[in-house]
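Asker: Quick one: sequence plus predicted model below, questions after.
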Amino acid sequence: MERNLLLAGWLLLLCAQSGCGLLISSERKYVSNDDLLVEIATLSRYPLDPDLFKLLGVDARGDSISYQYRGVRFLGDHAWVVRYSEKSSEQDPVALANVHSLLPVISEGRTGFALTGEGEEKVGGELLRFITYSFDSPIQDAQGRPLPGTGVLGSVRTGSAGSILVYQIKLDNYGDREEVTWDLLKPFLEAIRG
């Protein structure tokens, strides 16, 4: 018996040093922060339908908060929302709502990036300014060709003097939607109204 325990201990030590997975479970166990993320979204008054998008992360600063999402129904959907609080000390606070000023950020490092449209829509009393675009997705097909990616970037400025918030919303799809249009931003706009 003592010899078997010694042998088992020696095998465990050998496996641990060599990276052997023979005696290690492939199951991953961790403490999920999903409940905390839901609470943060609720406290920051930006709840999004969890049947459409899963909140992956939040970054809160003094005057801004960023949310990162992955699609639930369309796994190729990747989105972020940045909410800024306009400050009186900014030289041009309205520039935060200019979707064209974000083009260098969303096009950087993307091959085949091209604008496909732009416009404005009144949604629930808020004016959404948006641009749509296409790009080569980082996901490849069986032949190694990039899947066609599409995206929409929108901006909404809401509130009244002294408490104006600007929401920048970007939704990309990496190949499981034929087209991404402005109306796919509706769940993000509904969340603004809480």
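Answerer: That came in fine, so what should we check first? Numbers count the residues shown, from 1 in each chain.
Asker: Strands of this structure, residue ranges please.
Answerer: With DSSP state E, the ranges of strands along the chain come out as 53-60, 64-71, 77-85, 114-123, 126-140, 146-158, 165-173.
Asker: Okay, now the sheet partners of the fourth one, with direction.
Answerer: The one in question is strand 114-123. Applying DSSP bridges, strand 114-123 is found paired with strand 126-140 (antiparallel).
Asker: contact partners of stretch 74-92?
Answerer: 44, 46, 53, 63-71, 93, 96, 137, 139, 157, 163-177, 188 (CB atoms under 8 Å, 6 or more residues apart in numbering). (Glycine included, C-beta is placed from N, CA and C.)
Asker: Check those residues for burial and list the buried ones.
Answerer: 46, 53, 65, 67-69, 71, 93, 96, 137, 157, 164-175, 177, 188 (16 or more other CB atoms under 10 Å).
Asker: Distance check, G124 against S155.
Answerer: For G124, the distance to S155 (CB to CB, to the nearest Å) stands at 15 Å.
Asker: So for the two, which sits in the more crowded spot?
Answerer: Summary of the neighbour comparison: G124 and S155, criterion other CB atoms under 10 Å, with S155 having more neighbours (22 against 12).
Asker: ok, now how distant is the more buried one from I65?
Answerer: Here the distance between S155 and I65 works out to 16 Å (CB to CB).
Asker: Please apply the same query to Y174.
Answerer: Noted for Y174: a distance of 25 Å to I65, by CB to CB.
Asker: what do you get for R83?
Answerer: The spacing between R83 and I65, counted by CB to CB, is 5 Å.
Asker: Now the common contact residues for those two.
Answerer: With CB under 8 Å, 6+ apart as the test, R83 and I65 both reach S44, Y46.
Asker: what residue ranges in this structure score low on pLDDT?
Answerer: Applying pLDDT under 70 to the predicted model, the residue ranges of the chain that meet it are 1-26, 90-91, 93, 194.
Asker: change it to 80
Answerer: 1-30, 87-96, 160-162, 193-194 (pLDDT under 80).
Asker: roughly how far apart are D183 and A114?
Answerer: 21 Å.
Asker: I should have written R61 there, sorry.
Answerer: Between R61 and A114 the computed distance is 32 Å (CB to CB).
Asker: Could you check how many residues crowd around F113?
Answerer: Using other CB under 10 Å, F113 has 16 other residues around it.
Asker: Does it touch S137 like I think?
Answerer: No - the pair F113 and S137 fails to qualify as a contact (CB atoms under 8 Å) at a distance of 11.4 Å.
Asker: List the contacts of W182.
Answerer: Applying CB under 8 Å, 6+ apart, we find W182 in contact with G119, E121, L128, F130, T132, V152, G154.
Asker: Would you mind checking those residues for buried ones?
Answerer: Buried members of these, scored by 16+ other CB under 10 Å, are L128, F130, T132, V152, G154.
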